[in-house]
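Student: Kindly generate the corresponding structure for this input.
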Amino acid sequence: MELQEKIPVPIFTEVDRDVFLRDIYPERRPALLRGVNLGPCLERWTVEYLGQKGGDRKVKIHVSTVPQMDFLHKNFVYKTLPFNEFVKRASETKHSDFFLCEEPADLSKQFPDLADDFHIPHFFDPDQFFSSVFRISSCGLQLWTHYDVMDNMLAQVTGKKRVVLYSPQDALHLYLSGDKSEVLDIDEPDLKRFSEFVKARRYECVLEPGDLLFIPALWFHNTLALQFGVGVNVFWRHLPADSYDRKDPYGNKDPVAAARALQALERALVALDELPAEYKDFYGRRMIQRIQKRAYCESLSGDKQEACDTTLPSILFTNPG
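Tutor: A predicted model of the protein is given here:
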């Protein structure tokens, strides 16, 4: 019996800029695009070709003794290898003592020869572009569930990769620690610790060479390499440029306004700690109701807003007494 229903990510073919901006982008939901021209990388990016073009440039990588990467408990260390050796070892069917995952690298800046092989889809305006990140994964490697604050196009060039996604509206069921979920094993979760996780709607797809997955900002995603694979993440700004932290090199920090709001919440929680338990409970409930009405209910319309005004998520109001 499956714990969560698997909702397939919709597949679109023959997508150009007009179709993307009219039919896909406004929906703010994941979409798998097939048949988009990604350039000669689909034929060229063999292990030998990558090693030759990348040469002995030093790259920083994650090294772990297990394939399920865990950023919460840091079950990996950082190592530095020549790029050609890294690609060779990552592509091996059997590793001597570890699995490998790439460290984020700007494809256009660090590997310009390889960047020429990859054609970035022209779905967004050039001034929205933030970065293109090289992804090279060993077979079996799984990355933790997390969200990004920018729109993301994940291009699969070689190999196959499973991607599981969760809506931002299911954030309360994902047991967040920052931008990451504490539920490390999404296929066999510990339901004694994470009982609410089964309520999260699970969207799933398998990327094949040439596929392009649109992951809107704030959508949670977890990737599992079914084969040794090479891909490219392309990030675009969804909000105006000044909404983001200018000192954020990887584009994964919360927008400036959101960061301020979270900091204010932490100060409010510290203030609540000065009250007796029953007062803390009462004013905590008032805070939750205010946040829900202001940040969520007012974004709805008609009957949905009225229902939202009178209904609060049960997860927030479980009475411990």
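
Student: where do the strands sit along the stretch 201-321 of the chain?
Tutor: 202-207, 212-215, 220-225, 229-236 (DSSP state E, counting those that start in this stretch).

Student: So which elements touch the second one?
Tutor: Where contact means 3 or more Cβ pairs under 8 Å, 6 or more residues apart in numbering; DSSP states H and E, strand 212-215 is packed against strand 31-34, strand 151-158. Glycine gets a C-beta too; all of them are placed from N, C-alpha and C.

Student: okay, those strands, which one's buried deepest?
Tutor: A comparison of the helices and strands packed on strand 212-215 by mean neighbour count, using mean count of other Cβ atoms under 10 Å, puts strand 151-158 on top with a mean of 23.

Student: so can I have TSV of the helices and strands packed on strand 212-215 showing distance to Pro40 and mean pLDDT?
Tutor: Formatted as TSV, those follow (distance: least, Cβ to Cβ, whole Å; pLDDT from 0 to 100):
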stretch	distance to Pro40	mean pLDDT
strand 31-34	18	98
strand 151-158	10	96
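
Student: Mind jotting down where the helices sit in this protein?
Tutor: Along the chain, counting by DSSP state H, helices occupy 17-19, 41-44, 47-54, 83-90, 107-110, 112-115, 256-272, 277-291, 302-310.

Student: Point out the most buried one among these.
Tutor: helix 83-90 (a mean of 20).

Student: Leaving out sequence neighbours, find the closest residue to Glu196.
Tutor: Leaving aside its chain neighbours, Glu196 sits nearest to His173 (4.6 Å; criterion: Cβ to Cβ, 6 or more residues apart in numbering).

Student: returning to what we had before: among the helices of the chain, which gets the worst mean confidence?
Tutor: Of all the helices of the chain, the minimum mean pLDDT falls on helix 302-310 (a mean of 62).

Student: show me what contacts the residue nearest to Phe83 when sequence neighbours are not counted?
Tutor: In this structure, Phe83 finds its nearest non-sequential neighbour in Gly54, 3.7 Å apart by Cβ to Cβ, 6+ apart. Listed by Cβ atoms under 8 Å, 6 or more residues apart in numbering, the contact set of Gly54 reads Phe83, Asn84, Val87, Phe111, Leu114.

Student: any idea which of those is closest to Phe197?
Tutor: Val87 (35.6 Å; Cβ to Cβ).

Student: Report the contact partners of that closest one.
Tutor: Residues in contact with Val87 (Cβ under 8 Å, 6+ apart) are Val47, Leu50, Gly51, Gly54, Ile136.

Student: who's in contact with the nearest residue to the third one once chain neighbours are set aside?
Tutor: Spelled out, that is Gly51. Of all residues not flanking Gly51 in the chain, Asn84 sits nearest, at 3.6 Å (Cβ to Cβ, 6+ apart). Contacts for Asn84 (Cβ under 8 Å, 6+ apart) come out as Leu50, Gly51, Gln52, Gly54, Gly55, Asp56.

Student: One more pass at 10 Å, please.
Tutor: Each residue near Asn84 by Cβ atoms under 10 Å, 6 or more residues apart in numbering is listed here: Val47, Glu48, Leu50, Gly51, Gln52, Lys53, Gly54, Gly55, Asp56, Arg57, Val59.

Student: Dump those to TSV, plus distance to Thr93.
Tutor: Below are the contacts of Asn84 laid out as TSV (distance: Cβ to Cβ, whole Å):
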residue	distance to Thr93
Val47	12
Glu48	16
Leu50	17
Gly51	17
Gln52	21
Lys53	23
Gly54	21
Gly55	24
Asp56	24
Arg57	25
Val59	22
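
Student: Can you pick out the most distant pair from those?
Tutor: Spatial extent of the contacts of Asn84 (Cβ to Cβ) is set by the pair Glu48 and Val59 at 17.5 Å.
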